[in-house]
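Peer 1: all I have is the shape, not the residue letters:
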Ligand SMILES: [Zn+2]
């Protein structure tokens, strides 16, 4: 009979150093595990993650990396959507349309006109990047 798994691999992190499974500390990195029944997020050292899932460490790392990639992408998309709905984004977009129409030949005029919009936009962008913990929106 196949053993029913209680934990799902959710990611891998080097920001946590304690194992919730055996209590070991000062680990270099840990697997992020989700308890399938309760949804609780736990951190397991690689030996304990292997024991808890029956999957080899290299497979765990591979799966964790894939999971992380998907989660990062979801977070990035959420952040991008939020940014695109801000006043700062819309005003910057309109300002660029405006200079394309009226200051087509003067780079200097374009820059002078756009600067305040670009500054406000950059601030908003940095705020959302830090909120979602993403880069290069
Ligand atoms: Zn452990």
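Peer 2: Great, that's in hand. Everything quoted here is computed from the prediction, not taken from an experiment. Numbers count the residues shown, from 1 in each chain.
Peer 1: helices of the protein, residue ranges please.
Peer 2: Applying DSSP state H to the chain gives helices spanning 46-53, 57-84, 87-102, 107-132.
Peer 1: which of the ones you listed sits closest to the ion?
Peer 2: helix 46-53 (3.3 Å; CB to the ion). For glycine as for every other residue, the C-beta is placed from the backbone atoms N, C-alpha and C.
Peer 1: other residues contacting that closest one?
Peer 2: 5-7, 9, 19, 21-22, 24, 29-31, 33, 44, 55-57, 60-61 (CB atoms under 8 Å, 6 or more residues apart in numbering).
Peer 1: picking that back up, deepest in the core, which of the helices of the chain is it.
Peer 2: Highest mean neighbour count among those (mean count of other CB atoms under 10 Å): helix 46-53, with a mean of 19.
Peer 1: where does pLDDT dip in the protein?
Peer 2: 1-4 (pLDDT under 70).
Peer 1: show me what contacts the residue most central in space within the chain?
Peer 2: The residue lying closest to the centre of the chain (CA atoms, centre = their mean) is residue 72, at 3.7 Å. Residues in contact with residue 72 (CB under 8 Å, 6+ apart) are residue 134.
Peer 1: could you do the one 3 residues further on as well?
Peer 2: When the contact criterion is CB under 8 Å, 6+ apart, the partners of residue 75 are 132-134.
Peer 1: got it, and residue 28?
Peer 2: 14, 17.
Peer 1: is stretch 54-61 anywhere near the ion?
Peer 2: No. Stretch 54-61 is not in contact with the ion by CB under 5 Å from the ion; minimum separation 12.4 Å.
Peer 1: show me what that stretch is in contact with.
Peer 2: Looking at what lies outside stretch 54-61 - CB under 8 Å, 6+ apart - the contacts are 3, 5, 9, 12, 31, 46-47, 49-50, 53, 63.
Peer 1: at 10 Å what do you get?
Peer 2: Here stretch 54-61 makes contact (CB atoms under 10 Å, 6 or more residues apart in numbering) with 2-3, 5, 7, 9, 12, 29, 31, 33, 44-47, 49-50, 52-53, 62-63.
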